[in-house]
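**Q** below is the sequence, then the predicted model.
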Amino acid sequence: MENNTYLNLKNINKYFGKFHVLKDINISIKKGEFICLLGPSGCGKTSFLRIIAGLERENSGTISLENNDITNLSTRERNVGIVFQSYALFPNMTGEENITFGLKNKKLQDNKIKEILNETVKLVQLEGIAKKYPSEMSGGQMQRIALARAIAMEPNILLLDEPLSALDAKVRSKLRYEIKELQKKLKITTIMVTHDQEEALSMGDRIVVMNSGRIEQIGTPEEIYNNPLNSFVADFIGTTNIMKLHGKEIMVRPEDLTLLKSKESNLTTNYRVKNIEFRGNSYRVTLKDKNNSILVDVVAKEFKKLSIKENDIMQVEITNKLNEKVG
């Protein structure tokens with residue numbers, strides 16, 4: 001184990017009956033890190049989170065926090081804060097009462113509870129709103145209350161189970177930024193489950209890509225996106241084209257291809273434009289040759305300059321490639 005490891009999971013395996021949910025999970029997490037568990041539905045990421053929380057028990061393996069074995073400790077003894085997708089607020093309590101619920105169970109003095117409440121409400125920018133009941137709040141406000149309730153307890157680890165998936169796109173984008181800023185300010189070690197690659201790329205210090213109960217790759221967002229270890233990671237994070245270069249199959253991102261009019265190019269392969277998708281500041285162009293279909297992202301200015309239309313004959317230049325295609 002690394003000297004600066006805060007949370008360590010070693011050889012974690014989990015079964016539900018005969019179904020092997022988590023397979024030899026190993027990861028070391030530093031204090032204050034923001035880790036995103038990313039993968040398709042059923043890959044084991046939520047079970048991974050619940051085992052860290054103590055809500056599920058592993059069948060084998062160990063968990064340590066600051067070099068102390070917490071494998072057999074309860075959720076309360078681990079002192080973790082959890083924020084669920086469904087908010088899990090008490091509907092008969094105001095936002096403030098939801099936030100202070102755990103603090104009152106700790107038998108803190110009233111003045112201390114009030115101090116923590118005021119600080120926490122200010123942190124999540126809900127002054128005034130926190131006096132309302134959940135039914136009187138928007139989804140974003142309820143999620144902020146749930147977040148405030150978790151951080152008010154000063155947890156060792158903050159666990160987020162797809163906290164933004166029930167929100168609309170604009171609110172989700174705003175909260176994504178706010179959660180990351182809050183986490184950096186408080187320096188809380190945070191682990192978030194998501195199936196949204198954009199969330200993972202924008203929020204995580206490191207991303208853990210999972211598939212079928214296994215970890216496929218751990219790395220920074222840049223490492224995961226630019227240097228995927230295999231075709232699953234390359235395809236799950238972003239979009240990839242499989243192309244042939246010098247007889248070998250390679251993986252290329254749509255933004256790493258440049259379109260050229262065939263008469264302006266000395267390249268040999270011609271592609272026909274089959275579809276054009278407008279994406280605001282860019283266009284995604286689908287092209288086909290005799291055997292393959294590829295995607296190319298073209299910024300709006302360049303698209304207009306080329307005056308691309310369906311059925312145009314184009315050629316494609318590779319400006320950057322990922323690894324050769326592997327497993």
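**A** Good, I have the coordinates.

**Q** every contact and neighbour count from this point should use C-alpha atoms.
**A** OK.

**Q** residues contacting residue 113?
**A** 100, 103-104 (Cα atoms under 8 Å, 6 or more residues apart in numbering).

**Q** surely residue 53 and residue 73 touch.
**A** No - using Cα atoms under 8 Å as the test, residue 53 is too far from residue 73 to be in contact (9.6 Å).

**Q** those two: which has the busier surroundings?
**A** residue 53 (23 against 13; other Cα atoms under 10 Å).

**Q** ok, now which ones touch that one?
**A** 75, 78, 80, 82, 159.

**Q** show me which of these is closest to residue 47.
**A** Of all the contacts of residue 53, the one with the least separation from residue 47 (Cα to Cα) is residue 159, at 12.2 Å.

**Q** how many other residues sit next to residue 26?
**A** 16.

**Q** and whatever helix or strand it lives in, C-alpha only, in CSV?
**A** Following DSSP states H and E, one finds residue 26 within strand 19-30. Output of strand 19-30 as CSV, limited to C-alpha atoms (Å, rounded to 0.1, in the frame of the first residue of the first chain):
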residue,chain,number,x,y,z
PHE,A,19,-23.7,-14.3,-9.5
HIS,A,20,-20.2,-12.9,-9.1
VAL,A,21,-20.9,-9.1,-8.8
LEU,A,22,-17.4,-7.8,-7.9
LYS,A,23,-14.3,-9.6,-9.0
ASP,A,24,-11.0,-9.0,-7.3
ILE,A,25,-11.4,-5.2,-6.8
ASN,A,26,-8.2,-3.4,-5.8
ILE,A,27,-7.8,0.3,-5.4
SER,A,28,-5.9,2.8,-3.2
ILE,A,29,-7.5,6.3,-2.8
LYS,A,30,-5.7,9.4,-1.5
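
**Q** chain center to it, what's the gap?
**A** 17 Å (Cα atoms, centre = their mean, to the nearest Å).

**Q** just send the contacts of residue 113 back as CSV, with distance to residue 288, pLDDT and neighbour count too.
**A** Putting these into CSV (distance: Cα to Cα, whole Å; pLDDT from 0 to 100; neighbours: other Cα atoms under 10 Å) gives the following:
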residue, distance to residue 288, pLDDT, neighbour count
100, 60, 95, 21
103, 61, 92, 21
104, 64, 91, 13
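
**Q** out of the residues you listed, who's nearest residue 121?
**A** residue 100 (10.7 Å).

**Q** confirm that the closest one sits in a strand.
**A** No - judged by DSSP: H, G, I helix; E, B strand; the rest coil, residue 100 forms no part of a strand; its state is helix.

**Q** isn't it right up against residue 150?
**A** No - the pair residue 100 / residue 150 is not scored as a contact, 9.9 Å apart, by Cα under 8 Å.

**Q** please state the offset of the helix or strand just after the strand holding residue 26 from the chain centre?
**A** Per DSSP H and E, the first helix or strand lying C-terminal to strand 19-30 is strand 34-38. Put simply, strand 34-38 sits 5 Å off its chain's centre (Cα atoms, centre = their mean).

**Q** and strand 34-38 with strand 19-30, angle?
**A** For strand 34-38 against strand 19-30, the angle by axes from the mean of the first three to the mean of the last three Cα atoms, to 10 degrees is 160 degrees.

**Q** just the C-alpha atoms of strand 34-38, please, in CSV.
**A** Extracted C-alpha coordinates of strand 34-38, given in CSV (Å, rounded to 0.1, in the frame of the first residue of the first chain):
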residue,chain,number,x,y,z
PHE,A,34,-12.6,12.7,-6.0
ILE,A,35,-13.1,9.3,-7.5
CYS,A,36,-15.8,8.5,-10.2
LEU,A,37,-17.0,4.9,-10.6
LEU,A,38,-18.1,4.8,-14.2
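
**Q** now for it, which elements pack on it?
**A** strand 189-194, helix 197-203, strand 206-211 (3 or more Cα pairs under 8 Å, 6 or more residues apart in numbering; DSSP states H and E).

**Q** do you know which of those lies nearest residue 286?
**A** helix 197-203 (22.0 Å).

**Q** against residue 27, how distant is residue 7?
**A** For residue 7, the distance to residue 27 equals 8 Å [Cα to Cα, to the nearest Å].

**Q** between the contacts of residue 113, which sits nearest residue 168?
**A** Nearest to residue 168 among the contacts of residue 113, with distances taken as Cα to Cα, is residue 100, at 27.7 Å.

**Q** that older thread, TSV please, covering the helices and strands packed on strand 34-38 and showing distance to residue 154.
**A** Output for the helices and strands packed on strand 34-38, formatted as TSV (distance: least, Cα to Cα, whole Å):
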stretch	distance to residue 154
strand 189-194	11
helix 197-203	21
strand 206-211	23
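
**Q** of all these, which lies closest to residue 180?
**A** Once Cα to Cα is applied to the helices and strands packed on strand 34-38, the stretch that comes out nearest is helix 197-203, at 6.1 Å.

**Q** list the helices and strands the closest one packs on?
**A** strand 34-38, helix 169-186, helix 221-226.

**Q** orientation of the second one relative to strand 34-38 in degrees?
**A** With the same axes, to 10 degrees as the basis, helix 169-186 and strand 34-38 are set at 140 degrees to each other.
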